[in-house]
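A.B. asks: how does the following fold in three dimensions:
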Amino acid sequence: MVASRAPDTDVRVATLSAAMRLFAAHGFEGTALQDIADAVGVTKPAILHHFPSKEHMRQAVLDVILSHWNEALPRLLLAATAGDDRFDAVFGETCRFFATDPDRARMLMREALDRPAEVRKLLRGSVRPWFAAVAGYIRSGKEKGLHYATVDEEAYVVHILLLVLAAAAAAPLASAALDGDARPRFERELARIAHASLFPPSSDAERTVRKRKSQR
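C.D. replies: Now for the predicted structure:
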């Protein structure tokens, strides 16, 4: 039974939200258009009025996720100039974006497992520019002696992104595996791992000195 119809102006947004949630839970192939229509509370033709096919819907969901980075990343890289500040800005925003709605991470993980050929196309296309932007920031930091000289910039970005996605997707497991304030502990350790694999210990010491001076 279909629930009461949502206002037409809200159908597109509601459809994208429901599609992401269902794709994340059941995968693209495991989700029927009727499932999405039922979740939104409209008929299937109403869904198809906004999206000609389920494939168009999938692409629209991915576009929403990727558009955030196309808009946010240049701002983050320009706003912070110091190595640590840029790291905190970009890494912090990445974690917040996926932690705010873990279905974003779950859908991307499912896409990587279920449709690897499509994800490879995505990585070589719309994702590559911001991969290159972050890798360029790391390369610049290496030249200034801020980062480990042996870091492979692009591989580092891929590894950290996968860590963030996996952490966001599996965050509920943290409360079962950790005592006390599980989520904050889980997130702090992820940030420490990402930072420690990029910044030599001397950079950490210099950062502490700068903070102490700024507090005087």
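A.B. asks: from the centroid of the protein, which residue is nearest?
C.D. replies: Closest residue to the average C-alpha location of the chain: residue 98 at 4.7 Å, with CA atoms, centre = their mean.
A.B. asks: for this structure, what's the longest helix?
C.D. replies: With DSSP state H setting the assignment, residue counts place helix 54-79 as the longest helix in the chain.
A.B. asks: which residues touch whichever helix or strand comes after that helix?
C.D. replies: Tracing the chain C-terminally past helix 54-79 and defining elements by DSSP states H and E, one meets helix 83-100 next. Contacts with helix 83-100, where a contact means CB atoms under 8 Å, 6 or more residues apart in numbering, come from 68, 72-73, 76-77, 79-80, 104-105, 134, 137, 141, 144, 146-147, 160-161, 164-165, 167-168, 171, 187, 190-191, 194-195, 198-199, 203, 207. (Glycine included, C-beta is placed from N, CA and C.)
A.B. asks: in ChimeraX, select just the buried ones from the residues you listed.
C.D. replies: Buried residues within the contacts of helix 83-100, as defined by 16 or more other CB atoms under 10 Å, are selected in ChimeraX through the command that follows:
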select :72,73,76,77,80,104,105,134,137,141,146,147,160,161,164,165,167,168,171,187,190,194,195,198,199,203,207
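A.B. asks: and residue 130, how many neighbours?
C.D. replies: 19 (other CB atoms under 10 Å).
A.B. asks: apart from its neighbours in sequence, what residue is nearest residue 134?
C.D. replies: residue 157 (5.0 Å; CB to CB, 6 or more residues apart in numbering).
A.B. asks: settle this for me: that neighbour is touching residue 133, isn't it.
C.D. replies: No. Using CB atoms under 8 Å, residue 157 is not in contact with residue 133, being 9.4 Å away.
A.B. asks: neighbour-wise, which of the two wins?
C.D. replies: More neighbours surround residue 157 than the other of residue 157 and residue 133, with 19 against 16 (other CB under 10 Å).
A.B. asks: under the pLDDT cut-off, which ranges of the protein? List them.
C.D. replies: Scanning the chain with the threshold set as pLDDT under 70 gives 1-9, 78-83, 203-216.
A.B. asks: domains of it?
C.D. replies: For the chain, the domain assignment from automatic domain parsing gives the residue ranges 1-52, 62-207.
A.B. asks: packing partners for the helix or strand containing residue 47?
C.D. replies: Element membership of residue 47, judged by DSSP H and E, is helix 44-50. Of the remaining helices and strands, those touching helix 44-50 by 3 or more CB pairs under 8 Å, 6 or more residues apart in numbering; DSSP states H and E are helix 8-26, helix 33-40.
A.B. asks: just send those back as CSV, with mean neighbour count and distance to residue 176 too.
C.D. replies: As requested, these are arranged in CSV below (neighbours: other CB atoms under 10 Å; distance: least, CB to CB, whole Å):
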stretch, mean neighbour count, distance to residue 176
helix 8-26, 18, 19
helix 33-40, 19, 28
